[in-house]
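let's see this in three dimensions:
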Amino acid sequence: MTHILVAEDSPTQAARLEAVLEGAGFGVRVAPDAERALELFRANTFDLVISDVVMPGMSGYELCRSIKAESRARNVPVILVTSLDDPMDVIRGLESGADSFLRKPYEPDDLIDRIRRIQENLHLRRTQRLSFGMEMSFLGRKFTVNSEKEQILDLLISTFEDTIRANRELQQSRQDLAEAHARIRDYAHELEDRVRERTAALSASERRYQEIARRAEQAERTLRDAVESVPGGIIICDPADSIVLTNQYIRERIPECAEVLAGSCTFEEFTRVAVAGGVYVDAVGNEEAWIAERMRIHRAAAGSTEFAQRDGGWVLATERRMSDGGIALIGVDVTPLKAAQAALIATQQQLVQAQKMEAIGNLTGGMAHDFNNLLGVIIGNADLLREGLKDQPEMSELVTDVLEAALRGAELTARLLAFARRQPLRPERVEVNKLVTDITRLLQRTLGEHIEISLNLAPDLWWTEVDPAQLESAITNLATNARDAMHKGGRLIIGTRNVRLDADYASEHVDTRPGDYVMVEVSDTGSGIPPDIVGRIFEPFFTTKEKGRGTGLGLSMVFGFIRQSGGHINVYSEPGEGTTFRLYLPRDAQEVAAAPAETAAVRTVGGGETILVVEDNAKLLATVVKQLSGLGYRLFTAEGPAAAMAIIDEGAPIDLLLSDVVMPGGMSGVDLARDAMARRPNLKVLLTSGFPETRFAEQANRKFDWPLLSKPYRKEELARAVRSSLDGGLRHDQGRHG
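Residues are numbered from 1 along each chain as shown. Have a look, this model is predicted:
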């Protein structure tokens, strides 16, 4: 049984409500005011609350807001009973979280129908979803509304139904007035002595009729203006499923349907034209089956359906059956919500990872600090014992073993302190290119002759302020790990570059601040890191090496040093292809203060050029297609070099080849670019990869002068790189460095 709590200060109204609800089979508790209602609600379990708005003491809005604040009752529907004379009632209701309004006076059947519909809707939206609040300004005041979109739609439709009902009452009044006119004409001859009196009454009635007609016309205009201004599509169908009303949003977004909407068409005819015009891109394959399923949902007028559209957006279509048997369909553009949801999930994942690393750092740092104290006692006493046992070689050797073990432990705790960002640093202005050049001489002997070391140092590199010894240690750690990943030999590439991390990049990496950085890039051609463990490589003691080879503290020490220095570290890896670590060190403050202002932005939109996009990652390919289509480019797509060459051989007009470098099948993007340009010498090329440019230079058998866009990249960076490549001005890495 459904249990309902009623808050009504009028005994007459309360008794009427209780009788109606109990007659419908509901369990009812009545409270004479909002304070008593809130006490009953907190002490008992109710499925629905009906409250008058105006009551002594606490109002219905405050009661609704208090109920919605209860965590266990957030999904309990609240119906506010009001006259709706003031438009602020709706805003206050939305602000308090009300689920529906009931206008006084009302019929008992309308109340029961409203409760049934709310129960049905509540059942349909039981699935867990994120909610987004919004702030709005109305009549000079700001309000915060936390209602779900389904609630807002329910309120809109309920208000619409009330308006329709009022319009019908007006039509009935018109009919009654017409009948009165007829009776007056019939009685005119028989009641000549009352002509003057009746004429005066008729004049008064005529004035009232004109006023009513004027108000009705104004209400109709207001309703139509409201429907036209809704930021979403509205389609109203009569009981025969013929479309009787659409708004400007529908006519603009679906121009293919203008002709059928101009006449009398059914919703099924409208759907077929929309699908044939490619409005719904998820209507692929068997279109007839898709349309049949769409019509089944429509005729049931149940729930909501999401559609992917040809422009890359998403629409949430919600259908409700009206009291006259017709159907109201409201489509809302949820593209920003989906984008915000995806961004929020990504940010939450990064935040969880950052919090985990912070927690591990605090734990290990505290333990290392305490352990250092213990080791200090052991090392100090071991030194004393060794001095005192010089004449006892056997005992002295045992003490020496203890001392060496303790010193090894001190070294491990020093690495833990580095990860926890508690090690003492001695920062100074560093010329990174010189440091890298000097350390390379030592690395060549350390790594062995089977590892080739290449340098790609920027000539105009900025200065940075870091601890040079720790930076040398970090580069050595990364180089040693790279050697272990290249058992049969390979190539180690160390590069430097000036990088500017923007606010967009920082928003996606919670541990990063926008600004200028000196980037040190360490890349290898080894076995790569499996995707399932790449997120754990910076954790202390985590290692994939066999037992006895390494402590698992090398990368954690690098991570802690970079973070403690105010920098950022990123890793890009593909199994079987290699790994690239990028260390971002803040630019020296003196250079930042003297840096010149940025130049004006260049044109990034397309001019109708045709681009062949080659990418083996299907999701990334779909994303790039949406981005470039929105910029005004025509596109061909291929998921591999073979498919791309087939398109080129067919003679399709192509201005630019945009290709990933590392792809399965034995043919790289460099090979593809070389073969494509052999057929079309004037073809422009833009390559993308997470590995550095020098990694692929030898594959090109010449100077690597094709532009390289670093993954991952944003739409703005892709737009600039494509435009520069087409204009012939791009010769260096233009991607977002991450």
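
shaky segments in the stretch 601-738 of the chain?
601-604, 691-705, 712-714, 729-738 (pLDDT under 70).

now the strands for it?
Assigned by DSSP state E, counting those that start in this stretch, the strands in the stretch 601-738 of the chain fall at 610-614, 634-638, 656-660, 684-689, 708-710.

which elements pack onto the shortest one?
In this structure, strand 708-710 makes packing contacts with strand 684-689, helix 715-727, judged by 3 or more Cβ pairs under 8 Å, 6 or more residues apart in numbering; DSSP states H and E. Bear in mind the C-beta positions are built from the backbone N, C-alpha and C, glycine included.

nearest to Ile4, out of these?
helix 715-727 (51.3 Å; Cβ to Cβ).

got the angle between the closest one and strand 656-660?
If you take axes from the mean of the first three to the mean of the last three Cα atoms, to 10 degrees, helix 715-727 sits at 130 degrees to strand 656-660.

any buried residues in helix 715-727, and which?
The neighbour-count check on helix 715-727 (16 or more other Cβ atoms under 10 Å) flags Lys715, Glu717, Leu718, Ala719, Arg720, Ala721, Val722, Arg723, Ser724, Ser725, Leu726 as buried.

ok so, going back, of all the strands of the stretch 601-738 of the chain, which lies closest to Arg207?
With Cβ to Cβ as the yardstick, what comes closest out of the strands of the stretch 601-738 of the chain is strand 634-638 (65.4 Å).

flag every buried residue along that closest one.
Going by 16+ other Cβ under 10 Å, strand 634-638 has these buried residues: Leu635, Phe636, Thr637, Ala638.

is it possible to get JSON lines of the strands of the stretch 601-738 of the chain that adds distance to Lys488?
Compiled in JSON lines, those are given as follows (distance: least, Cβ to Cβ, whole Å):
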{"stretch": "strand 610-614", "distance to Lys488": "30"}
{"stretch": "strand 634-638", "distance to Lys488": "32"}
{"stretch": "strand 656-660", "distance to Lys488": "25"}
{"stretch": "strand 684-689", "distance to Lys488": "23"}
{"stretch": "strand 708-710", "distance to Lys488": "27"}
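
mean confidence for stretch 435-444?
Averaged over stretch 435-444, pLDDT sits at 82.

chain center to it: distance?
Distance, stretch centre to chain centre, for stretch 435-444: 44 Å (Cα atoms, centre = their mean, to the nearest Å).

which residue ranges form the strands in the stretch 401-550 of the chain?
Going by DSSP E, counting those that start in this stretch, the stretch 401-550 of the chain shows strands at 428-430, 451-456, 464-466, 490-501, 515-524.

mind listing what the second one pairs with, with the direction of each?
Using DSSP bridges, the strands paired with strand 451-456 in its sheet are strand 490-501 (parallel).

quick one: the strand it pairs with to strand 515-524, angle?
Angle, strand 490-501 to strand 515-524, by the same axes, to 10 degrees: 170 degrees.

got the buried residues for strand 490-501?
Gly490, Arg491, Leu492, Ile493, Ile494, Gly495, Thr496, Arg497, Val499, Leu501.

distance from it to the middle of the chain?
Taking mean C-alpha positions (Cα atoms, centre = their mean), strand 490-501 and its chain are 31 Å apart.

any idea of the mean pLDDT in it?
88.

ok, which of the helices and strands packed on strand 708-710 comes nearest Asn247?
Of all those, helix 715-727 comes closest under Cβ to Cβ, at 30.6 Å.

hmm, back to that, ok, which of the strands of the stretch 601-738 of the chain comes nearest Glu319?
Using Cβ to Cβ, the strands of the stretch 601-738 of the chain put strand 634-638 closest to Glu319, at 34.7 Å.

can you say which of the strands of the stretch 601-738 of the chain is nearest to Asp241?
strand 634-638 (38.5 Å).

if we can go back for a sec, Val30: which of the buried residues of strand 490-501 is nearest?
Leu501 (62.5 Å).

so the closest one touches Thr512, yeah?
Yes. At 6.2 Å, Leu501 and Thr512 qualify as touching, with contact defined as Cβ atoms under 8 Å.

now do the shared contacts for the two.
Overlap of the contact sets of Leu501 and Thr512 (by Cβ atoms under 8 Å, 6 or more residues apart in numbering) consists of His568, Tyr584.

which helix or strand contains Leu245?
strand 243-246 (DSSP states H and E).

what's that strand packed up against?
Judged by 3+ Cβ pairs under 8 Å, 6+ apart, strand 243-246 is in contact with strand 232-237.

so what's the closest residue to Ser10 other than its chain neighbours up against?
Excluding its sequence neighbours, the residue lying closest to Ser10 (Cβ to Cβ, 6 or more residues apart in numbering) is Asp52, at 7.5 Å. Contacts for Asp52 (Cβ under 8 Å, 6+ apart) come out as Ala7, Glu8, Asp9, Ser10, Gln13, Gly60, Leu80, Val81, Thr82.

thanks a lot, catch you later.
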